[in-house]
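1. model this:
(one chain, ligands or ions: 2)
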Amino acid sequence: MQVIEHPVETLRTALVSSRKDLIEQYKQYSKEERKLLEDGLQPGSALFNPVTVHSDSDWIPSHPEAPQDFQSFFSNPHRRSPSKGHKTIYMQTIGSFGEGEDITEQYVEWLRQYCQAFYHGLAVKLLPTVTVASTGCTFRVNNNTYNLQLHAGDLLNFLKKKKPKDAFCIVGITMIDLYPRDSWNFVFGQASLNEGMGVFSFARYDDNFYSRSYPGRLKSTKKLHPDDYTVFQNYYTPPITSTLLFRSCKTLTHEIGHIFGIKHCQWLQCVMQGSNHLEESDRRPPDLCPVCLRKLQTAVGFKISDRYEALLGWIEDGGRSSEGHSAKPTEAFLEYKQWLCKCISMLEA
Ligand SMILES: [Zn+2]
Ligand SMILES: [Zn+2]
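-> Ligands and ions are numbered 1, 2, ... in the order given. Below you'll find the model as predicted:
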């Protein structure tokens, strides 16, 4: 394992920048906020850890690219920011999550509330769930894993037609696996950043996905008719677990982060780190490093402590089951909860 430890000064410039106006802008943060942001620059920080590379198949060795500091994010003329009249993130559920409509609705409502806390200050709204058939998208059976897959580009075309006028962006979410083109095995998601759209699948976050006994493998490999969507009726979807919820929340906020123009993070451990495989996505933390936090804060304008409080509130709101609803499985968020408490107490000091 390799630890990528950047010198303190490199991290400081990545966070604060070398442009005079951006240094002035940075000084608008309160003393406590700056203390939190700068805590991550110090080796041995209690809140932020250096990036670790575990193998050549990890993201950084396989995608060498220049890291994006705050200044290059801020100066990018093509970056999308929420603006007056375009402050809503829309989520479009495609197909079902868990068994039955009620569970789907509850699951995506948890995701919606999580995103609303993460992008504190923006509204996150659900569009009514649609069936796979109503998207009219092309589908296939994967040659290796024998599960059903939807054509990601077709889904983006569908979302484009659905995008409300006041949207900052629209994201499609599904439990069915995706593929971008015939020659590709699969894709976790696909986005059109210029148009503020993305579609993401959580199918491969099922612990069993790669096992031979995966219930989503089709028994028969007979040729499917392109217009016959009945194969999606009662098709397997992963059981709702705390780990699945944790992975889904991380993926969704990571992907929406890209729509804001935030690139893969190489500074510190961060939810915006790139990931090539499940083990690597599981390693990344659920929240932003100081550099990416400043990027998001500048784009959205929240008070840092309010955002942490909202995320903590979302976790604490779990565990309680109300009539007809099961409790939100937040066990996987325990470490995150403790981390949020530490951040909040530093901001109060
Ligand atoms: Zn990414
Ligand atoms: Zn980061």
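2. only C-alpha atoms for contact and neighbour calcs from this point on.
-> Fine.
3. now the helices for this protein?
-> Along the chain, counting by DSSP state H, helices occupy 8-16, 20-26, 31-39, 59-62, 70-75, 101-118, 132-135, 152-162, 242-259, 278-283, 290-300, 304-316, 334-348.
4. which residues of the protein lie near ligand 2?
-> 265, 270, 289, 292 (CA under 5 Å from the ion).
5. ok, those residues vs residue 96, which is closest?
-> Within these, the smallest distance to residue 96 is 29.7 Å, found for residue 270 (CA to CA).
6. that closest one against residue 282, yeah?
-> No - taking contacts as CA atoms under 8 Å, residue 270 lies outside contact range of residue 282: 11.5 Å.
7. compare these two (neighbour count), which wins?
-> residue 270 (26 against 15; other CA atoms under 10 Å).
8. identify the residues contacting that one.
-> Residue 270 makes contact with 284-289, according to CA atoms under 8 Å, 6 or more residues apart in numbering.
9. next: residue 281.
-> Applying CA under 8 Å, 6+ apart, the residues contacting residue 281 are 274-275.
10. tell me the pLDDT of it.
-> As predicted, residue 281 sits at a pLDDT of 88.
11. if I look at it, how far off is residue 274?
-> According to CA to CA, to the nearest Å, residue 281 stands 8 Å off from residue 274.
12. quick one on the thing from earlier: most neighbours of all the contacts of residue 270, which one?
-> Top of the contacts of residue 270 by neighbour count (other CA under 10 Å): residue 289, with 26 neighbours.
13. that one: what's it in contact with?
-> 40, 48, 267-271.
14. of those residues, just say which sits nearest to ligand 2.
-> Of all the contacts of residue 289, residue 270 has the smallest distance to ligand 2: 4.5 Å, by CA to the ion.
15. nearest residue to residue 291 in space, please, no chain neighbours.
-> Closest residue in space to residue 291, ignoring its immediate chain neighbours: residue 15 at 4.8 Å, by CA to CA, 6 or more residues apart in numbering.
16. can you check residue 261 too?
-> residue 79 (5.1 Å).
17. I'd say residue 218 and residue 149 touch.
-> No - the pair residue 218 / residue 149 is not scored as a contact, 11.4 Å apart, by CA under 8 Å.
18. related to what we said a few turns ago, measure how buried the residue nearest to residue 291 is and give me the count.
-> Residue 15: 26 neighbours (other CA under 10 Å).
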